[in-house]
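**Q** build me a structure from this.
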Amino acid sequence: MLKNMRWKITHNKKISWVKEKFILNVYHELFTKMYGHDYYDSYLEIILSKSYKKPPQDVLDISPNSQKLLEVLDSIKNDQNIMVMEIYSGWKLIGLGRIEVNKKTLRLKEIALLKSYQTEQKIIWESTLEYLTNYAQNGGFSKLYVEIPLKEVNLLLLLDKLDFKEDPNDMKTEEIDYTSIWNKKIASK
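**A** A predicted model of the protein is given here:
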């Protein structure tokens, strides 16, 4: 199902409506998997919605996943330290992730994939991490951080295989329940 994979990393904060809808849908899937269903997610399942729709303002207060989705969009549009990595299979956009740049380090905050590519998740992550390691080397970065959902044991094992290490000093209190942060020192070229 995967064709030749390619990546595009940009600081472009302008997001078309089509791309915004894509972002909302792939991140909705990721956040539902990470944090569980909330009120609005349950409603979408009941009406058998195949795509995420922004809830009315009064529903946002009781929809933590939707609030997180809006925070993702806000960070992509407004945070100067966030780059967007688009992941393609051939010419088809299959996922994206946010990369936080902090001095001489990169931090892959997540990868959100289309539901139909979840079975290839490990292959996509491995290829993406190899690409990001090369990107960090070429960009003169000294360390690459990766944030992984705790429920994704196969991804945690993959990070270990790729020489990433977990350091408790990297964890923030609010993240401990949902994600694990791993890092790898980047050798300069």
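**Q** could you tell me the end-to-end distance of stretch 101-110?
**A** 14 Å (C-alpha to C-alpha, to the nearest Å).
**Q** check stretch 38-56 too.
**A** First-to-last residue span, stretch 38-56, C-alpha to C-alpha: 15 Å.
**Q** give the next helix or strand downstream of the helix or strand of the chain with the lowest mean pLDDT.
**A** The helix or strand of the chain with the lowest confidence, counting by mean pLDDT, DSSP states H and E, is helix 57-60 at a mean of 84. Next along the chain after helix 57-60, taking DSSP states H and E as the criterion, comes helix 64-78.
**Q** what average pLDDT does that next one get?
**A** What helix 64-78 shows for mean pLDDT is 92.
**Q** check stretch 141-159 too.
**A** pLDDT averaged over stretch 141-159 gives 90.
**Q** show me what the least confident helix or strand of the chain is in contact with.
**A** The contact list for helix 57-60 (C-beta atoms under 8 Å, 6 or more residues apart in numbering) reads 39-40, 66-67, 70. From N, CA and C alone the C-beta is placed, and that goes for glycine too.
**Q** neighbours around the residue nearest to K104 when sequence neighbours are not counted, how many?
**A** Spatial nearest neighbour of K104, excluding adjacent residues (C-beta to C-beta, 6 or more residues apart in numbering): S142 at 4.5 Å. Neighbour count of S142, defined by other C-beta atoms under 10 Å: 14.
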